[in-house]
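Chemist: how does the following fold in three dimensions:
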Amino acid sequence: MVRYRVEHTTRYEYGGSVILSQQLAHPSPRAWPWQETLNACWQLEPEPSWRHRGFDAFDNPVEWFAYYLPHTELHVHLSLDVAVHAHRTPCLEGGIDVHTLRERLSYHGTQPLPEDVVAQRYAFESPHIRIKRELAAYAAECCPPDVPVALAAAALMHKIHEEFTFDPTATTVSTPVMEVLAQKRGVCQDFAHLMIACLRSLGIPARYMSGYLLTQPPPGQPRLVGADATHAWVAVYAPGVCDHDWIEFDPTNDLLPDTEHIAMAYGRDFSDVSPLRGIILGGGDHRPHVAVTVTPWSDFSEEGPDISG
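Modeler: Next up, the predicted model:
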């Protein structure tokens with residue numbers, strides 16, 4: 001088990017007065033079998049005119065909040081302490097194969113398994129995901145019909161990692177997945193979307209995972225405050241491999257997530273799990289300033305950070 005402190009600050013400084021704002025945020029992690037939330041402090045400045053906690057369509061914790069009075073800035077701060085237990089799947093060779101899964105998820109006029117009904121939510125197109133023959137063709141060599149789904153997903157993860165270049169300047173949050181496939185450059189969000197789109201194009205359900213990743217500073221260098229970022233990876237429906245039927249893959253780093261990944265939420269794609277999204281009236285020119293720091297408790301004193309607040 002590894003414990004972390006996550007500090008995530010988003011700051012908007014508007015070029016003009018915002019007279020109306022409605023926002024949706026993910027203020028704390030959802031419940032995971034392998035991850036425990038020790039403390040979550042969520043702060044908004046200025047204080048909203050209205051706010052409400054609940055859950056979205058995927059059972060992720062969310063907060064809706066609104067401003068009905070003019071304001072010129074918005075500061076959102078999350079301070080999170082979590083404990084992550086080892087959960088990497090030790091073997092990918094078991095479980096259902098690609099052909100059998102596709103047949104099982106196809107319509108037969110009989111009562112489907114409840115877990116298959118849930119998985120089907122992640123088998124179709126969504127705002128950032130397209131199902132295309134080109135995507136199926138790109139992934140086909142990794143996913144022969146008789147290969148276990150988990151092994152096929154691992155092969156596709158390796159392929160994307162080998163053939164694509166991490167380049168923060170190549171894409172934006174709205175870059176289409178087909179453009180990512182063509183230019184073979186992007187960031188974690190792009191690689192997660194691409195892997196999901198390839199799998200769904202082959203009839204394999206896959207969902208978008210959102211959270212944080214521990215990054216290590218160069219040897220001998222201190223950990224830089226605010227230099228980390230949110231991270232995205234993929235969970236693939238592979239019944240029979242593990243207790244919860246979903247296995248995680250990180251195509252950006254070519255590995256199966258374990259104790260260095262801190263999960264917040266999942267959905268069909270980024271649009272379902274954006275840390276903060278909404279609409280404003282007014283505001284002029286503006287852009288977010290984001291700072292994220294992920295720190296192991298081992299970097300603090302032996303007792304860990306103060307979580308009393």
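Chemist: sec struct for the residue lying closest to residue 42 once chain neighbours are set aside, please.
Modeler: With CB to CB, 6 or more residues apart in numbering as the criterion, residue 42 has its nearest non-adjacent residue at 4.0 Å, and that residue is residue 27. For glycine as for every other residue, the C-beta is placed from the backbone atoms N, C-alpha and C. Recorded secondary structure, residue 27: coil (DSSP: H, G, I helix; E, B strand; the rest coil).
Chemist: which stretch of helix or strand covers the spatially closest residue to residue 246 that is not a sequence neighbour?
Modeler: Of all residues not flanking residue 246 in the chain, residue 235 sits nearest, at 4.5 Å (CB to CB, 6+ apart). Assigning secondary structure by DSSP states H and E places residue 235 in strand 230-237.
Chemist: need the helices for the stretch 151-300 of the chain, in chain order.
Modeler: With DSSP state H, counting those that start in this stretch, the ranges of helices along the stretch 151-300 of the chain come out as 177-183, 188-201, 270-273.
Chemist: residue closest to the middle of the chain?
Modeler: residue 210 (1.7 Å; CA atoms, centre = their mean).
Chemist: which ones are touching that one?
Modeler: Residues in contact with residue 210, defined by CB atoms under 8 Å, 6 or more residues apart in numbering, are 26, 230-232, 263-267, 270, 273-275.
Chemist: how does this structure divide into domains?
Modeler: Domain ranges of the chain: 2-85+274-299, 98-272, per automatic domain parsing.
Chemist: end-to-end on the longest one?
Modeler: For domain 98-272, the first and last residues are 27 Å from each other (CA to CA, to the nearest Å).
Chemist: between the helices of the stretch 151-300 of the chain, which one is closest to residue 81.
Modeler: If you check each of the helices of the stretch 151-300 of the chain against residue 81 by CB to CB, helix 270-273 wins as the nearest, at 20.7 Å.
Chemist: so what touches that closest one?
Modeler: With contacts defined as CB under 8 Å, 6+ apart, helix 270-273 is touched by 26, 56-58, 60, 126-128, 173, 189, 192-193, 208, 210, 232, 264-267, 277.
Chemist: again with stretch 171-185
Modeler: Contacts of stretch 171-185 (CB under 8 Å, 6+ apart): 128-130, 132, 134-135, 138, 163-167, 170, 186-187, 189-191, 193-194, 197, 270.
Chemist: ok, stretch 191-198 next?
Modeler: 122, 128-132, 135-136, 138-139, 153, 156-157, 160-161, 164, 177, 180-181, 186, 206-209, 232-234, 249, 251-252, 269-270.
Chemist: rerun that using 6 Å as the cut-off
Modeler: 128-130, 135, 138-139, 160, 177, 180, 206, 208, 232-234, 251-252 (CB atoms under 6 Å, 6 or more residues apart in numbering).
Chemist: tell me how many other residues surround the residue nearest to residue 105 when sequence neighbours are not counted.
Modeler: Closest residue to residue 105 apart from its sequence neighbours, by CB to CB, 6+ apart: residue 116 at 5.9 Å. A count of nearby residues for residue 116, using other CB atoms under 10 Å, gives 16.
Chemist: how near is residue 116 to residue 75?
Modeler: To residue 75, residue 116 is 43 Å away according to CB to CB, to the nearest Å.
Chemist: tell me where the model's unsure across this protein.
Modeler: Residue ranges of the chain with pLDDT under 70: 223-227, 301-309.
Chemist: just the strands in it please.
Modeler: Here the chain has its strands, by DSSP state E, at 2-25, 35-45, 50-55, 61-67, 71-84, 165-166, 185-186, 206-213, 230-237, 246-249, 261-267, 276-282, 288-296.
Chemist: tell me which other helices or strands the fifth one touches.
Modeler: This points to strand 71-84. strand 2-25, strand 35-45 (3 or more CB pairs under 6 Å, 6 or more residues apart in numbering; DSSP states H and E).
Chemist: next, the angle from it to strand 288-296.
Modeler: 20 degrees (axes from the mean of the first three to the mean of the last three CA atoms, to 10 degrees).
Chemist: next one: strand 71-84 to chain centre, how far?
Modeler: Relative to the chain's own centre, strand 71-84 is displaced by 17 Å; criterion: CA atoms, centre = their mean, to the nearest Å.
Chemist: buried sites along that strand?
Modeler: The neighbour-count check on strand 71-84 (16 or more other CB atoms under 10 Å) flags 71, 72, 74, 76, 78, 79, 80, 81, 82, 83, 84 as buried.
Chemist: next: the second one.
Modeler: Residues 35, 40, 42, 44 are the ones in strand 35-45 that count as buried (16+ other CB under 10 Å).
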